[in-house]
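>>> below: sequence and its predicted model.
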Amino acid sequence: MRIDIITIFPEVLKPILNESILKRAQEKKKLDVRVHDLRDYTADKHNKVDDRPFGGGPGMVMTPQPIFDAVKKIKGRRKAFVILTCPTGKPLTQKFAKNLSKQKNLIILCGHYEGIDERVRECLVDESISIGDYVLTGGELPALVLVDCVTRLIPGVLGKEESLKDESFENNLLEYPQYTRPANFRGVKIPNVLLSGNHRAIEMWRKEQSLARTRQNRPDLLKQK
Ligand code: ADE
């Protein structure tokens with residue numbers, strides 16, 4: 001998959017993209033991620049990419065020209081799914097990430113300032129995405145979140161495909177608790193069932209734990225069933 005990210009802070013993104021699983025995915029040629037500085041596309045002689053909002057009000061709005069030109073140039077003749085990160089977008093979910101992981105080309109626009117000229121959304125953007133009900137200073141962290149959760153779903157990126165099977169949000173449930181050695185850590189013991197060797201009993205315990213955890217922390221997920 002190729003992902004192009006358009007941002008006014010390219011340096012913020014690079015360290016995360018060049019570590020750990022994202023780095024490995026690029027080395028394995030499963031992911032080709034490119035970061036573009038929006039200012040490289042502005043026609044403004046002072047390199048501006050924002051302006052005051054029509055109708056007045058606080059803050060600045062990202063102007064359409066550099067964004068339109070950047071997307072046109074980056075897209076070329078390829079088909080690409082264009083995503084805008086902004087707090088007014090649809091909530092990012094595992095289901096949406098799964099669908100995105102099947103795309104060949106993604107372009108992510110990192111929103112900023114008080115917002116983005118609405119014509120960008122009208123004419124260029126396929127989906128606006130929010131990563132939660134809170135407001136960040138910019139769309140760079142959400143863009144990284146999106147790249148991260150989509151990349152690990154690309155076949156061949158994670159070592160063992162099974163590690164995707166039981167994880168949180170599969171079947172609208174949160175993942176069960178996990179333990180590793182030692183079985184007794186400073187007096188805190190793991191549940192006996194995990195030492196029993198009884199695979200059916202372990203599976204049942206895990207299901208119960210998943211359900212209890214979901215009921216406790218995310219009852220909304222159970223209602224979605
Ligand atoms: N930009 C600022 N806040 C955001 C959020 N919660 N999700 C996506 N983009 C954002």
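Sure, I can see it.
>>> from residue 171, how far off is the residue nearest the centre of the chain?
The residue lying closest to the centre of the chain (C-alpha atoms, centre = their mean) is residue 146, at 1.5 Å. According to C-beta to C-beta, to the nearest Å, residue 146 stands 23 Å off from residue 171. From N, CA and C alone the C-beta is placed, and that goes for glycine too.
>>> and residue 213, by the same measure?
13 Å.
>>> out of these two, which sits in the more crowded spot?
The neighbour count for residue 213 versus residue 171, taken as other C-beta atoms under 10 Å, is higher for residue 213 (16 against 10).
>>> next one, pLDDT for the more buried one please.
pLDDT recorded at residue 213 is 97.
>>> spatially nearest residue to it, not counting backbone neighbours?
Residue nearest to residue 213 in three dimensions, not counting chain neighbours: residue 174, with 4.7 Å by C-beta to C-beta, 6 or more residues apart in numbering.
>>> that neighbour reaches residue 219, doesn't it?
No - counting by C-beta atoms under 8 Å, residue 174 sits too far from residue 219 to count as a contact (10.9 Å).
>>> interface residues of this protein facing the ligand?
Within the chain, the residues that sit near the ligand (C-beta under 6 Å from any ligand atom) are 85, 86, 87, 111, 130, 131, 132, 134, 135, 136, 139, 142.
>>> where do the strands sit along the chain?
In the chain, the strands defined using DSSP state E lie at 2-7, 32-37, 50-51, 61-62, 81-91, 105-110, 115-116, 127-130, 184-185, 188-189.
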